[in-house]
Structures are given as C-alpha cells and as structure tokens.
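# need a structure here:
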Amino acid sequence: MDVVAGTAGHIDHGKTALIKALTGVDADRLPEEKERGITIDLGFAEMEIADIRFGFVDVPGHERFVKNMLAGASGIDLVLLIVAADEGVMPQTREHFEICRLLGTLAGMIVLTKRDLVDEETLVLAKQEVAELVAGSFLDAAPVIAVSSKTGDGIDELRATLADAARKLPARDQALVTRLPVDRSFSVKGFGTVITGTLASGEISEADELEILPDKRPVRVRGLQTYGHSTKTVHAGQRTAVNLGGVDRGDVGRGMILAEKDALSPTQIVDVRLEVLSESKKPLRSRQRVRLHIGTAEVLCRLSILNDTNEIVQGQSDFAQLRLEMPVSAVPGERFVIRSYSPQVTIAGGTIIDAVAQKHKRKDVPEAKTFLNSLEVSKDSVSRSRLFVERAGESGASFSDLQAAMGFRKELISEGLEENVRLNAVVKTGNYYLSKASFESLKAKAIAEIKRHHAREPISKGMPRETLKERVFSFTAPEIFKGVLASLESERKTRTDHELVSSADHRAKLSDEETKVLERLRAMYGGDGLEAPKLEEGLLEASRMTRLNREAARKVFQLLISAGDVVKITDDLYVSGKALTNLQRRLSAHAAATSDRLVDVPKFKEIAGVSRKYAIPLLEYFDREKITLRKGDKRLIL
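Down below sits the predicted model:
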C-alpha cells in the first residue's frame, strides 16, 4: 500500500524536524534552507511501516512560501497538522488547515510538537485550541499526538497512528486517465531530464509514450523510480521520479502535467463549484482578479459568478466560471484553492465541474447552471458521457472531445457510450456522437431543405449533395452528414442518385410548356442518330415556340441526361444513349470480324455513319470510357 502524507503548519513549528525524527531524512535540501534554518521549497522523505510505504511531503510554513506549500498539498492522502505546543495555533496554522480542507484532504491527525518544552497544563491548552480550530471538519475526530522530535518521545505512537490511519483510507478512484502534476524538474548527468511528482491517477510504465501539458509536448518514459528504487511501473498514489526522453530540462517544470497522450486538452475556461471562506474579508465578485492554485500550478484568472448577484458571500458556495490568463489541464472533480491577487491570502476553494467549458453570456447562465447541476451529481460514465454529448448539440462530440471533457480512461468512456447507444439516447456516426434528439433534428432540417429545393425546382431530379451539406451541415464533421443521409435513406425518406439527393416521393412535375420543350428535345437528341445539333442551338430551337428561355430549357434537358436518354460527349455535343449503345455493338461486331481489333478514323466514320466532325469527339469519348484505346492514329477496340 502506498500513501502520501504531507505536513501543514506555521513556520518553525517543527515540521522538518518531525519528518527527520520519523524517517531519518532531512527534507531541507537547499543550501539556503540550511543557512536560514527554514523550509523554503518542498522536501521529500520515505518510510515503511509493515506493508505500508509512506512518501512524506514537507511543506514550508512561512507565509511567503504558501504557493510552494500548495504545490505539495495537492497530492496528499493524509495530513499531519503540526502545531508547536509552546506557541499554539498561529496564522499559517489556520491557513494551512483551510487549504487542506478546501483541497478535499480525507484524513489526517494533529501533531503537537516540542512536547519537551511545555508542561501538562500548557499542553492541554494547546490541544483545546487545536480542537476549536478543527471542529466540524475532517479533522474533528482525528487523533492528537504530542511528540518531541528532539527526545523521540511520542514518535513510535505517531508511527502506529499513521499506519492505522493509512489502512482506513478509501480506495483511490480508478476511473481517471494517467496524470502526474510536476513539482520538480532537474537534469541528471548521463540520464537527462527528470521530473518528480505524486502520480494522481492511472499508471506509468517504462517506454510509455506520454505528453507534457499544457504544451502537448510528446515525451517517452526512459526510466522510473519510486521511493529511491528503480521500477518498471508506478501507480496512483506513489511519489515518482520519471526520466524523460524528448524534452529538455528547461521545457518542463512545476505546474505542468505529465499525462496520457491525447487524453486531456489545455483550457483557459473552467466551470467550478466555488466556496468562499467564512474568514474572507470580502465576498468574491465577478471580474475580480485572483490566483488559482490547481495541482502544482499557479495561474492568474478572472471570476465570473454564475448568479443574479454576481457575487458569493463569505461562508457560501455557488457556481462560477474561471477565465484563466494561461492554459491549464484539469479533470472534473479536481480540487483547487483561490488566493487573493494582493495581498496573497487564501480566500476560497472548490471543485472543477466542467474542465472544458465555454464562455457564458449572461442570458445563458440559467441553462449553464442546469447543466452544471446535472454534471455535479453524475458520477458514472453513462450519465456523464450522455450529458456532454447532449451539450455538444448538432455539432456532435468526437471520442477525443469526450475524453478531454470527462477525464476518464478510454475503456470506461467506450462502455458508457455503448450503453447510451444501446438505450437509443445517443447515435454514433463515424467517430462522432450525437444525442438522439440532435440527430433527429438534423434529419428534419435536411428533409425540409430538400423539400424547399423541390418547391423551387419542381423539374429537378434532386438537390446536389454539396449544396445540402453547405446549407444544413456546414458546421458539422463530414461523418455526421454521411450518417444523417444514410439514416434517411435506410428509412426510405430520401434517395440518392449519383450526387443528387431527393425526397423518396419526389417526381419531376412539368408544366405544359415544359412538356412541349421536353418532347422537342427528345426528338432532337433521343433518336437513333448520332449527329445531334449543338446544345445551345437545340435549346434555342426547343424553347422558341414557348415562353421558356434557354436556361429553363436547359433544366428540362437535364431530365433527359439524368434518365440516361441523352449522354454528354463534349460541352457542346450530346447524343442519344440508345444510339451510343447501338454504335458500341457495331464496334464489337467489327472487332469480332477482324484479327487485329483496330479501327482508324475513316473506318469508324463508316461504322458510325457520321462525318469527321462527330467521329473525333465520339472516339475521344470512347477512349475516356475505356471502350477503345488509342494506338497511334488507330484505336484498339477493347
């Protein structure tokens, strides 16, 4: 079992000394820390008790280094709230406690240090003061252990208490994708770039292809260590050092995330549940500039409170949108802390609800809150995937869109989507998913557009596919357009002929004048002869005795082409389909009667019964259709 324990408490209350007493490791690693006698940055140590491996994160207590404390506190399973018995609860004790509470720390204990410096009465007062601080919180019933790091008094009891608390911790959530918030990066000679952090979820194995977020920089895992030992695989909850290939030391640092490739997306807008501390001096208001601490990152952002008052008062919570000045990568359910811009004081915290939110206009806030309310209570992949698909509307959501929004492992998302498809709540088309309602809406819009085309062009055989796509599906992926058409055809509501789409019940309706033109054109181009007039001449002739112009006659002529009665040879030359078929038969008969299957232009003229003016275009047409193959000045009949 692997457990990450973190210290919290005021400066000079003995956090680092306690870690050393427990583990034998001095977590102060920086020369400046040794010189000044205070912890400035994060320190780390390990310890094993029976089957439990503890990774300790020692945090600085000085108010100037709270942001460093936050980087370490985000990944801990249980906290040691440390209070010096000779001083009691101090300002950073309170702030560190509130930070742990806001970050959703599930368990911990209270450690009264410097036991050797106080009498029993002072110790009792210190215990009472801490009890008042943690009343009603996750530490309300936590053990209180008095220790002396100098004499060792109480250290064995603390070890036993730590082991007992570790065994009571709930199992880690196995649903989320692999991600490791980076708290340190450095170079090791002969190895290259190394990063460290607490693996928040998932697993990492040697040779894995991952990426650094928010830059989406691809990297390869060259080696892994945990608790000072090399290993092939690490899992969630372990303090981990990762040797990376494909990235320089200067390109990765605290605040970034090592994650599964193409699973999460950087974002600068997140929707959250925000809780304002009772001790905060002012309410949080829209447009307020604050500091977001999430994972190991610190990012400036602006608030947009999603209610009618545009504020959240002290001690209350509500939905809000954070608009970040730099991108981050987050997952739903991830906890964070908000500190004021200046002076830097912890004022609020909360939970990510929508990690890939869109900017809300004021008129859209009620609808956004309805979605967030549903999302907040939906925990399984079936309900969450359905909600995100429904929100995507007629644009649909790709699988990668859904993984970035949900943060779940791929197999869980697939299972959720498959169940929604089975329940007929979601439709899959290609790699996109739409709610049943959105899919049916697109089908209705497509039918309506096709019918409008038929009303405008009653003699047209159908609407060009590309025109329909442009008018109804311009904002969707091609797979959605194909899926909608396939569904309409399977339901026999439409039919497709080459590149034309029509209603299944559509039939060309001709006026009396259009009928006259059609019959005249059929007489000119639909007979047995191959020497038809040029198209423009034919259209002019056919429309001469009616009120139709040549463009109207051209649309009527298209009916003959669509029916196969007339075939296009060149832009000017159209001939009867029946005559072309007869000519092909005569060519086949000629080929059968000769040994070389070759025909020259004079012979072709003779077989076709046409002049050279028509013979050359006809031969070129047959070449294109692979009925003949040009061989010098002759054609091979295929």
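# next structured bit after the helix or strand of the chain with the lowest mean pLDDT?
Least confident helix or strand, the chain: helix 31-36 with a mean of 42, by mean pLDDT, DSSP states H and E. Next in sequence after helix 31-36, counting helices and strands by DSSP states H and E, comes strand 43-49.
# strand partners (parallel or antiparallel) of that next one?
Sheet pairing here is set by DSSP bridges, and for strand 43-49 it gives strand 52-58 (antiparallel).
# pLDDT (mean, whole number) over the partner strand?
Averaging pLDDT along strand 52-58 gives 80.
# export only the CA atoms of that strand, formatted as PDB.
In PDB, the C-alpha atoms belonging to strand 52-58 read as follows (Å, rounded to 0.1, in the frame of the first residue of the first chain):
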ATOM      1  CA  ILE A  52       2.700   0.500   4.000                       C
ATOM      2  CA  ARG A  53       5.100   2.700   2.100                       C
ATOM      3  CA  PHE A  54       4.800   6.400   3.100                       C
ATOM      4  CA  GLY A  55       6.000   9.200   1.000                       C
ATOM      5  CA  PHE A  56       6.300  12.400   3.000                       C
ATOM      6  CA  VAL A  57       5.900  15.900   1.500                       C
ATOM      7  CA  ASP A  58       7.400  18.500   3.800                       C
END
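# pLDDT weak spots in the protein?
Filtered on pLDDT under 70, the chain yields the residue ranges 26-43, 59-74.
# so D164 is in which element?
helix 155-167.
# repeat for L258
L258 belongs to strand 257-260, assigned by DSSP H and E.
# which residues touch that strand?
Residues from elsewhere that reach strand 257-260, judged by CB atoms under 8 Å, 6 or more residues apart in numbering: 177-182, 195, 197, 202, 204, 210-214, 219, 242, 244, 264, 295, 329. Any C-beta I mention is one placed from the backbone N, CA and C, and that applies to glycine too.
# which element follows that strand toward the C-terminus?
Where DSSP H and E defines the elements, the next helix or strand beyond strand 257-260 is strand 267-276.
# returning to that earlier point: give me the angle between the helix holding D164 and strand 43-49.
If you take axes from the mean of the first three to the mean of the last three CA atoms, to 10 degrees, helix 155-167 sits at 90 degrees to strand 43-49.
# now for the strand or helix carrying P617, which elements pack on it?
Under the criterion of DSSP H and E, P617 resides in helix 612-624. Under the contact criterion of 3 or more CB pairs under 8 Å, 6 or more residues apart in numbering; DSSP states H and E, helix 612-624 touches helix 577-593, helix 601-608, strand 628-631, strand 634-637.
# one more time with 7 Å
helix 601-608, strand 628-631 (3 or more CB pairs under 7 Å, 6 or more residues apart in numbering; DSSP states H and E).
# including mean neighbour count, could the ones you listed go into JSON lines?
Output for the helices and strands packed on helix 612-624, formatted as JSON lines (neighbours: other CB atoms under 10 Å):
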{"stretch": "helix 601-608", "mean neighbour count": "16"}
{"stretch": "strand 628-631", "mean neighbour count": "16"}
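# and the ones you listed: which comes nearest T93?
Proximity to T93 (CB to CB) singles out strand 628-631 among the helices and strands packed on helix 612-624, at 92.2 Å.
# distance from the strand holding L258 to the middle of the chain?
Relative to the centre of its chain, strand 257-260 is centred 14 Å away, using CA atoms, centre = their mean, to the nearest Å.
# where exactly do the strands run in the stretch 1-150 of the chain?
2-9, 43-49, 52-58, 78-84, 107-113, 144-146 (DSSP state E, counting those that start in this stretch).
# before we move on, what about the stretch 351-500 of the chain?
397-398, 426-429, 432-435, 463-464, 494-497, 500-503.
# check which helices and strands the first one is in contact with.
Identification of packing neighbours for strand 397-398 by 3+ CB pairs under 7 Å, 6+ apart yields strand 432-435.
# please repeat the previous calculation with a cut-off of 10 Å.
helix 381-392, helix 399-406, strand 432-435 (3 or more CB pairs under 10 Å, 6 or more residues apart in numbering; DSSP states H and E).
# now the shortest one, how far from the chain's geometric center?
What it means is strand 432-435. Relative to its chain's centre, strand 432-435 lies at 14 Å (CA atoms, centre = their mean).
# between the strand of greatest length in the chain and strand 267-276, how many degrees?
What stands out as the longest strand in the chain, according to DSSP state E, is strand 317-328. Counting by the same axes, to 10 degrees, strand 317-328 lies at 150 degrees to strand 267-276.
# grab the CA positions of strand 317-328 and hand them over as PDB.
Provided in PDB are the C-alpha atoms of strand 317-328 (Å, rounded to 0.1, in the frame of the first residue of the first chain):
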ATOM      1  CA  SER A 317     -20.800  28.400  -2.300                       C
ATOM      2  CA  ASP A 318     -22.100  28.700  -5.800                       C
ATOM      3  CA  PHE A 319     -21.200  28.000  -9.400                       C
ATOM      4  CA  ALA A 320     -18.600  30.300 -11.100                       C
ATOM      5  CA  GLN A 321     -16.500  30.400 -14.200                       C
ATOM      6  CA  LEU A 322     -12.800  30.900 -14.000                       C
ATOM      7  CA  ARG A 323     -11.200  32.600 -17.100                       C
ATOM      8  CA  LEU A 324      -7.500  31.900 -16.900                       C
ATOM      9  CA  GLU A 325      -4.600  34.000 -18.200                       C
ATOM     10  CA  MET A 326      -2.600  30.900 -19.000                       C
ATOM     11  CA  PRO A 327      -3.800  27.400 -20.100                       C
ATOM     12  CA  VAL A 328      -4.100  24.500 -17.700                       C
END
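# what strands line up against that strand, and which way round?
For strand 317-328, the paired strands and their directions (DSSP bridges) are strand 267-276 (antiparallel), strand 297-305 (antiparallel).
# ok, now which ones touch the residue lying closest to N307 once chain neighbours are set aside?
Nearest residue to N307 in three dimensions, chain neighbours excluded: D318, at 5.4 Å (CB to CB, 6 or more residues apart in numbering). By CB atoms under 10 Å, 6 or more residues apart in numbering, the residues touching D318 are 272-276, 284, 305-307, 309, 311-312, 350, 369.
# what bridges to D318?
When bridges are called by DSSP bridges, D318 pairs up with L274.
# state the distance from it to H590.
Relative to H590, D318 is positioned 88 Å away (CB to CB, to the nearest Å).
# would you map the helices across the stretch 401-550 of the chain?
With DSSP state H, counting those that start in this stretch, the ranges of helices along the stretch 401-550 of the chain come out as 410-422, 436-456, 465-472, 478-490, 512-525, 535-543, 550-562.
# could you dump those into CSV and include distance to A397?
As requested, the helices of the stretch 401-550 of the chain are arranged in CSV below (distance: least, CB to CB, whole Å):
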stretch, distance to A397
helix 410-422, 10
helix 436-456, 10
helix 465-472, 19
helix 478-490, 11
helix 512-525, 47
helix 535-543, 48
helix 550-562, 38
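# switch those over to JSON lines; also include mean neighbour count and distance to R630.
Converted to JSON lines, the helices of the stretch 401-550 of the chain look like this (neighbours: other CB atoms under 10 Å; distance: least, CB to CB, whole Å):
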{"stretch": "helix 410-422", "mean neighbour count": "17", "distance to R630": "54"}
{"stretch": "helix 436-456", "mean neighbour count": "17", "distance to R630": "41"}
{"stretch": "helix 465-472", "mean neighbour count": "16", "distance to R630": "33"}
{"stretch": "helix 478-490", "mean neighbour count": "18", "distance to R630": "38"}
{"stretch": "helix 512-525", "mean neighbour count": "18", "distance to R630": "27"}
{"stretch": "helix 535-543", "mean neighbour count": "19", "distance to R630": "26"}
{"stretch": "helix 550-562", "mean neighbour count": "18", "distance to R630": "26"}
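# nearest to T429, out of the ones you listed?
Per CB to CB, nearest to T429 of the helices of the stretch 401-550 of the chain: helix 478-490, 2.7 Å.
# so what secondary structure elements neighbour that closest one?
Helix 478-490 packs on strand 426-429, strand 432-435, helix 436-456, helix 465-472, strand 494-497, strand 500-503, going by 3+ CB pairs under 10 Å, 6+ apart.
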